[in-house]
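J.: sequence isn't available, so here's the structure alone:
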């Protein structure tokens, strides 16, 4: 009944490389719940199964909560079920389970399998770095499952990715809770304040004072403060009032730690305080600001504990998703890193230049890590992904009700990066409106939220990066000249890999070690033939291409020696150059029109929905309709904007999607 070995492939089974690429492309730009939803949907499509889901195990380890469930043509959420009597029980004990057919007969007590009409079942546990089973990834079908073993291995790889995302979410949630606790303690450490008149009657008594003295805020209003003062403290206040009244004393004194006050219940406690005189019209008042020394000591202890926990969680986040160590293997790169170290110690604006894939973002992280701001956050913004109408909200935030959909106040990237570093990647792609707004905040070092009236000062170190020639864009009128000079304070050019081929051994060894940790395999090196090709290849995708090539080979490897699939070689001293076109290049407007029309044709001119052109292009449906109207895009044989077909999902095959 159960077949776990000797599986035969179906005619429709894709190869593992296609599966990896298709699922990776479908989930690469999302996180959290959206990531799990995209993952199960893509897995179900590529594996040609009816159901796919990812679930999290509860603390008692007897119930699972479904985080994302793909039900053939829609998502189902909010489900929980007990493990007892289900095939998932063995999986969450730590073992992958595959039942090619007959799953209902094997688990008759599982009513969900009956409701699903299940026949085949495959699931693998999600095990975190500490060896704990957090949940599982599963696919179920109404027909038998027969796959090649390589597809099962790929399934395991994406289970590892789902596990990493689940672990990341837990770390983020724990970090958020820790910071909330820290903020609560800090807010409760405000000083206690009493304002007294010349007869020591209380005229003002704040919330912190009520808390410190253990009484109601209104209990002391206009009453003598004597009940709250020890005899030495009362004498000190009387002396200050007397000297301040005749003008012979100081207008402010400090009472050091060791002086005692008395709570309303009679308990004496140590304080430190200041006394100052406040004159209002013809009357004098005396401001008594005090801190509970004993409470401060307790709070400092708790803060130290919470700060340590917060630092630990930040380090966990950094190790899981931080940049790789920068590998230096040539004099050229050593000189570059020497320059980076020098400029990192300053607050100068830096412009990172270089081809795509050379490691500009990694250098930005390195600069931040070497700067005086390293203990604060570094925020990254991809300028190419910011629509012109959302630039201001994304960078500077908005107030509640500032525009339709602004249901709550939201901080922008500049405000989040205050005290730290803001990395603007692909700054050459920033819209004209975005350029103007960025120039203003760089000049003034302050901004206002959308819909707000309060000016917010900001202390941010700005690092920008681009693979485009900003000078040429300025000449062409596509980039503001004044902004260019604001950004070009300290340009750093990252050389392409073809100019530093001597780094190939170090880079290759570094990525091999990374793949060993990531995949749990052992690699001893690269085949001699692949090494020869590596030195003759022009590396148009630079270090990122090398990393991806090694990862792809490592995933598919069956031996410790990797065989790389290297493209057409080009002499390192004569890099391959693209041929000059016979005709002038198309305008950006024409390129945009062709790209949108191709996406619409792929999805049969459906605009909205998870399988619509807007989702394929990563755009809001309203924005897509606006661009179609502006560019004059209409379905052949029809007029106006395409109708929305909401009832049927359509998924293009892998080939055309790759061409996009």
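T.: Done, it's in. Values in this document were obtained by computation on a predicted structure and should not be read as measured data.
J.: any idea which helix or strand carries residue 339?
T.: helix 331-344 (DSSP states H and E).
J.: check which residues of that helix are buried.
T.: 333, 336, 340, 343-344 (16 or more other C-beta atoms under 10 Å). Yep, even glycine has a C-beta here, placed from its N, CA and C like the rest.
J.: which of the helices or strands spans the nearest residue to residue 264 once chain neighbours are set aside?
T.: Nearest non-adjacent residue to residue 264, counting by C-beta to C-beta, 6 or more residues apart in numbering: residue 215, 3.9 Å away. Assigned by DSSP H and E, residue 215 falls within no helix or strand.
J.: where's residue 215 relative to residue 237, distance?
T.: 19 Å (C-beta to C-beta, to the nearest Å).
J.: ok, those two, which is more surrounded?
T.: residue 237 (21 against 17; other C-beta atoms under 10 Å).
J.: now the more buried one. Its backbone dihedrals?
T.: Backbone torsions of residue 237, given as degrees, to the nearest 10, read phi -70, psi -40.
J.: list the contacts of residue 54.
T.: Counting by C-beta atoms under 8 Å, 6 or more residues apart in numbering, residue 54 touches 36, 39-40, 66-68, 126, 135-138, 162.
J.: dump the residues you listed to TSV, plus neighbour count and pLDDT.
T.: Below are those laid out as TSV (neighbours: other C-beta atoms under 10 Å; pLDDT from 0 to 100):
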residue	neighbour count	pLDDT
36	28	89
39	27	87
40	27	88
66	19	91
67	23	90
68	22	91
126	26	91
135	26	91
136	25	92
137	29	92
138	25	92
162	25	87
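J.: and of those, the nearest to residue 89?
T.: Nearest to residue 89 among the contacts of residue 54: residue 136, at 10.3 Å, using C-beta to C-beta.
J.: element containing that closest one?
T.: Under the criterion of DSSP H and E, residue 136 resides in strand 133-141.
J.: name every strand pairing with that strand and say which way it goes.
T.: strand 51-57 (antiparallel), strand 120-127 (antiparallel) (DSSP bridges).
J.: from the chain's centre, how far out does it sit?
T.: 25 Å (C-alpha atoms, centre = their mean, to the nearest Å).
J.: what's the answer for stretch 64-73, then?
T.: Here the centre of stretch 64-73 is set off from its chain's centre by 24 Å, with C-alpha atoms, centre = their mean.
J.: and the contacts of that stretch?
T.: For stretch 64-73, the surrounding residues in contact (C-beta under 8 Å, 6+ apart) are 33, 36-37, 39-41, 43-44, 50-58, 75-81, 83, 88, 92, 135-136, 166, 649.
J.: mind doing that once more with 6 Å?
T.: 36-37, 40-41, 44, 50, 52-57, 76, 79-80, 649 (C-beta atoms under 6 Å, 6 or more residues apart in numbering).
J.: list only buried entries from those residues.
T.: Buried among those by 16+ other C-beta under 10 Å: 36-37, 40-41, 44, 50, 52-57, 649.
J.: so which of those is the closest to residue 228?
T.: residue 56 (52.7 Å).
J.: report the contact partners of the closest one.
T.: Residues near residue 56 by C-beta under 6 Å, 6+ apart: 65, 67, 135.
J.: tell me which residues form a beta bridge with the last one?
T.: Applying DSSP bridges to residue 135 gives these bridge partners: residue 56, residue 126.
J.: list the contacts of it.
T.: Contacts of residue 135 by C-beta under 6 Å, 6+ apart are 55-57, 126.
J.: from residue 158, how far out is residue 143?
T.: In terms of C-beta to C-beta, residue 143 sits 22 Å off from residue 158.
J.: nope, residue 209 is what I meant
T.: Remark: distance between residue 209 and residue 158 (C-beta to C-beta) = 58 Å.
J.: can you check residue 494 too?
T.: 32 Å.
J.: check residue 385 too.
T.: Relative to residue 158, residue 385 is positioned 24 Å away (C-beta to C-beta).
J.: higher neighbour count, these two?
T.: Set residue 385 next to residue 158 and count neighbours by other C-beta under 10 Å: residue 158 wins out with 21 against 13.
J.: what kind of secondary structure is the residue lying closest to residue 530 once chain neighbours are set aside in?
T.: Leaving aside its chain neighbours, residue 530 sits nearest to residue 564 (4.2 Å; criterion: C-beta to C-beta, 6+ apart). Recorded secondary structure, residue 564: coil (DSSP: H, G, I helix; E, B strand; the rest coil).
J.: does residue 564 touch residue 554 like I think?
T.: No. Residue 564 is beyond contact range of residue 554, at 9.9 Å (criterion: C-beta atoms under 6 Å).
J.: give me the element residue 535 is part of.
T.: Per DSSP H and E: helix 528-536 holds residue 535.
J.: and the helix or strand following that helix, what does it pack against?
T.: Next in sequence after helix 528-536, counting helices and strands by DSSP H and E, comes helix 542-556. Helices and strands touching helix 542-556, by 3 or more C-beta pairs under 6 Å, 6 or more residues apart in numbering; DSSP states H and E, are helix 504-519.
J.: quick one, the top helix by length along the chain and strand 51-57 angle?
T.: Determined from DSSP state H, the single longest helix within the chain is helix 149-187. Following axes from the mean of the first three to the mean of the last three C-alpha atoms, to 10 degrees, one obtains 40 degrees for the angle between helix 149-187 and strand 51-57.
J.: picking that back up, of the contacts of stretch 64-73, closest to residue 102?
T.: For the contacts of stretch 64-73, the nearest to residue 102 is residue 50 (16.3 Å; C-beta to C-beta).
J.: residue 89 versus that closest one, what's the distance?
T.: Residue 50 is 22 Å from residue 89, by C-beta to C-beta.
J.: ok, residue 98 next?
T.: 15 Å.
J.: what about the two, which has more around it?
T.: Between residue 98 and residue 89, residue 98 has the larger neighbour count (other C-beta under 10 Å), namely 20 against 16.
J.: the strand or helix carrying the more buried one - contacts with which helices or strands?
T.: Per DSSP H and E: residue 98 is located in strand 97-99. Packing contacts for strand 97-99, counted by 3+ C-beta pairs under 6 Å, 6+ apart, involve strand 120-127.
J.: hmm, who's touching stretch 379-396?
T.: Against stretch 379-396 from outside (C-beta under 6 Å, 6+ apart): 412-414, 416-417, 422-427, 429-431, 433-434, 437, 447, 449-450.
J.: buried subset of those?
T.: Of those, these count as buried by 16+ other C-beta under 10 Å: 412-414, 417, 422-427, 429-431, 434, 437, 447, 449-450.
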